[in-house]
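A.B. asks: Fold the following for me, if possible:
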Amino acid sequence: MLGPRTPSPPAPKMSETHKFPFGFRGRRKPDEWDKTIIAFESPYRLKDLCIPQVDAPNPASDTVQQQKFKIRLASSDTRRQSASMLIEKRYASRGYQARALEEDPQRITVLVFMEEKIVGTTTLGLDGPAGLMADSVYKQEIDSLRAQGRAVCELTKLAIDDEHVDSKHIVAVLFHLCKIYGQNIHHATDFVIEINPRHASFYKKLLGFEDFGPERVCPRVNAPAVLLRLPLQYADEQIARYGGMMKAAAGVRSLYPYCFSKDDELGIAGRLIRGE
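C.D. replies: Residues are numbered from 1 along each chain as shown. As a prediction, this is how the structure comes out:
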């Protein structure tokens, strides 16, 4: 049962915002060679990326430069192996186990590259005859959605190399690409995510997920887990209202301002559906 949601602050007027605050003016058409879905830039302070140099002419320099990112799919063994290394590194730092990514037609793994290095990844699991990974622990809860005629997808294996990137931007674009694949292309109505209870508040506060299954032990990672659910209609409304606004959406404490705008979403979905 879904509980009442906290009312969102009023949306800023369009005149108070930039049309492409996330550097989307620099986005490029898909690259046929490397199958880049979209390229974008994100503001980042150069000093945060450099080792301090004693003899630097201006050590107090606070120059803001643009980080350039590309979003691609894990469409080859090489990319899956590289993404698996990032997942294993991040999971091991928290004491979790993680299996390597494998080719699976029911799973779509999205990657964010910076200078040809993978800095973020997550996987969208599509429902089908084999079910979802979360069915192994929460089948009764997920079956209750299926019984209502709802189409469920799951998010798994989120990992961000947050040593060099602003993780909230990367999480937002990974989430949005999964929403495009799940809702716009595969007509999903709900996301579910099986998450350690320690991380549940992040997804609830910043993306609007809600409790959907009690704490149990997940045998895949040998750690406690809870199940969260997000009706994609809610995500769609938030993206239509705040997507692409970034800091212009003052007072909005969520990741939705860091997602693409609704116009960009429709453009990306259209290109993917046409196979461009």
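A.B. asks: any chance you could map the strands in this structure?
C.D. replies: Secondary structure of the chain (DSSP state E): strands located at 38-45, 64-73, 107-114, 117-126, 152-160, 190-195, 210-218, 223-231.
A.B. asks: Using a markdown table, lay out those together with mean pLDDT.
C.D. replies: Compiled in a markdown table, those are given as follows (pLDDT from 0 to 100):
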| stretch | mean pLDDT |
| --- | --- |
| strand 38-45 | 66 |
| strand 64-73 | 78 |
| strand 107-114 | 94 |
| strand 117-126 | 94 |
| strand 152-160 | 95 |
| strand 190-195 | 96 |
| strand 210-218 | 96 |
| strand 223-231 | 96 |
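A.B. asks: Ok, which of these comes nearest K247?
C.D. replies: Counting by CB to CB, K247 lies closest to strand 38-45 out of those; the figure is 9.7 Å. Where you see a C-beta, it was placed from the backbone N, CA and C, and this is true even at glycine.
A.B. asks: Spatially, what comes nearest to N184 if we skip its sequence neighbours?
C.D. replies: Spatial nearest neighbour of N184, chain neighbours left out: A269 (3.9 Å); criterion: CB to CB, 6 or more residues apart in numbering.
A.B. asks: right, and the one you found touches I180 too?
C.D. replies: Yes. Using CB atoms under 8 Å, A269 is in contact with I180, at 5.0 Å.
A.B. asks: burial count for A269?
C.D. replies: Neighbour count for A269, taken as other CB atoms under 10 Å: 16.
A.B. asks: what's the burial count for L228?
C.D. replies: The burial count assigned to L228 is 22, neighbours taken as other CB under 10 Å.
A.B. asks: One more: I268?
C.D. replies: I268 has 21 neighbours, counted by other CB under 10 Å.
A.B. asks: Could you list the low-pLDDT ranges of this protein?
C.D. replies: Regions of the chain meeting the criterion pLDDT under 70 cover residues 1-34, 43-66.
A.B. asks: could you show me where the helices are in it, in order?
C.D. replies: Counting by DSSP state H, one finds helices in the chain at the ranges 77-93, 135-147, 167-179, 200-207, 232-242, 262-274.
A.B. asks: what residues are up against the residue nearest to N184?
C.D. replies: I180, N184, I185 (CB atoms under 8 Å, 6 or more residues apart in numbering).
A.B. asks: quick check, nearest of the residues you listed to R107?
C.D. replies: Nearest to R107, judged by CB to CB, of the contacts of A269 is I185 at 14.1 Å.
A.B. asks: I'd like the distance between that closest one and S93.
C.D. replies: Separation of I185 from S93 (CB to CB, to the nearest Å): 33 Å.
A.B. asks: More neighbours: which of these two?
C.D. replies: Taking neighbours as other CB under 10 Å, I185 and S93 compare with I185 leading, 13 against 9.
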